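1. Could you look at this predicted model? Sequence included:
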Amino acid sequence: MFAYCADPKTLEGFQWLSCYLTTGTHFSFYGSFLVVLVLLFVTAPVALAFGFGGAMAARSPAAPLRWLGKGYMAMVRGVPDIVFFLFFIIALDQGFEWLMHQVRCPDWTDPIRQGLEFRVCPQAKIPPNAAPQMIHQIYNFGLAVVTFAIVFGAFAANVLAGAMSAVPRAQLETGEAYGMTQGQVFRRIMVPQMWIYALPGLSNLWLILIKATPLLFILGIQDAVYWARELGGFKSQTYSYPHPDWRLWYFLGLLIFYLLMTRVSEIVLGRITRRLTHGQATAAGEAQRKGALA
């Protein structure tokens, strides 16, 4: 990046460090933090949508929907996250390719399963083998988002179902007494009221999601953990910028990053909680009322 970085062997001290920290691989490391943030802010609303759908299904009067919702919550919550991630990312990928194979290669006669290998016609590969590397990375990231959303959506569904049940029945009956339909009672009374009961559980779920982002490394995506391991590992004299094992310092940087993320999240969630509890007949709402009177 700098003119004096042309010959790394002649550098010492600050110049060596400035060149080392501005290599292309280090910019990939810095960009990987953005990957983590994008994953969080894309996955959170998608997982919330899965959770809302699962909670509504679990409370449905129709037995098949109710079984589906409760089964979704029980199955995903009962499997270790890492097992589900490693299984589902493969299942999604192969499922998409199998569907494309049926559409694009109906005359294909060879079996798709050949021993331990999964082979579809070249036209069914997603993305195509000739696609740019960026397309492959975006596709893998999309699979990761869907997998994270399904897993954390199950936990969100459990939280939201409990929050819906916590809304005082008297409020719902009052809406019905005023002539509201079941749908209107749900949209205008239950949904607005349930968030204050759901927020503590959703807050914890958000913090767990932050801690789970290093699983991107396991899924083959070059996230911050991947680059911290690669850049911090021992580099011999054969490298342009040789150094001893610095993984301790790289992972210390990751520790600080995640602690800052947690602290910022706590501040934001605290403000949301104060806003939602304002005027509510809850302990937090009562504390706000007494504080205002004082």
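-> Looks like it arrived, so ask away.

2. What ranges in this structure fall below the confidence cut-off?
-> Scanning the chain for pLDDT under 70 picks out 1-3, 8, 11, 220, 236-238, 278-294.

3. Walking through the stretch 101-250 of the chain, point out its strands one by one.
-> 113-114, 117-118 (DSSP state E, counting those that start in this stretch).

4. Please identify the pairing partners of the first one and their relative orientation?
-> Meaning strand 113-114. Strand pairing for strand 113-114, using DSSP bridges, gives strand 117-118 (antiparallel).

5. now Phe14: how far from Gln182?
-> In this structure, Phe14 and Gln182 are separated by 69 Å, where distance is defined by CB to CB, to the nearest Å. For the C-beta atoms, the positions are set from N, CA and C on the backbone; glycine is no exception.

6. Sorry, slip of the keys, the one I care about is Phe50.
-> The separation that Phe50 has from Gln182, given CB to CB, amounts to 23 Å.

7. If you count surrounding residues, which of those two has more?
-> Using other CB atoms under 10 Å as the criterion, Phe50 and Gln182 rank with Phe50 on top: 22 against 12.

8. ok, and the closest non-adjacent residue to the more buried one?
-> Once flanking residues are discounted, Phe50 sits nearest to Gly153: 2.6 Å by CB to CB, 6 or more residues apart in numbering.

9. That neighbour: what's it in contact with?
-> By CB atoms under 8 Å, 6 or more residues apart in numbering, the contact list for Gly153 reads Val46, Ala47, Leu48, Ala49, Phe50, Gly51, Gly53, Gly54, Val76.

10. mind running it again at 6 Å?
-> Residues near Gly153 by CB atoms under 6 Å, 6 or more residues apart in numbering: Ala47, Phe50, Gly51.

11. Closest one to Pro244 out of those residues, please.
-> Ala47 (40.9 Å; CB to CB).

12. Give me the buried positions along the host helix or strand of that closest one.
-> Ala47 is part of helix 24-58, with elements assigned from DSSP states H and E. Along helix 24-58, the positions that meet the burial threshold by neighbour count (16 or more other CB atoms under 10 Å) are 26, 29, 32-33, 35-36, 39-40, 42-44, 46-48, 50-58.

13. What are the boundaries of the helices in the protein?
-> When secondary structure is read from DSSP state H, the chain shows helices at 13-20, 24-58, 63-77, 81-104, 133-166, 169-177, 182-185, 191-212, 215-218, 224-232, 247-277, 283-293.

14. and the fourth one, what does it pack onto?
-> Yep, that's helix 81-104 we're talking about. Applying 3 or more CB pairs under 6 Å, 6 or more residues apart in numbering; DSSP states H and E, one finds that helix 81-104 contacts helix 133-166.

15. Repeat the analysis, applying 8 Å as the threshold.
-> If contacts are counted by 3 or more CB pairs under 8 Å, 6 or more residues apart in numbering; DSSP states H and E, helix 81-104 sits against helix 133-166, helix 215-218.

16. Would you tell me which of these gets closest to Tyr241?
-> Ranking the helices and strands packed on helix 81-104 by proximity to Tyr241 (CB to CB) places helix 215-218 first, at 23.0 Å.

17. Check the offset of that closest one from the chain's centre.
-> 11 Å (CA atoms, centre = their mean, to the nearest Å).

18. Could you check how far Gly142 is from Val191?
-> Applying CB to CB, one obtains 29 Å for the distance of Gly142 from Val191.

19. ugh, wrong one, Tyr226
-> Summarising the geometry, the distance separating Tyr226 from Val191, computed by CB to CB, is 40 Å.
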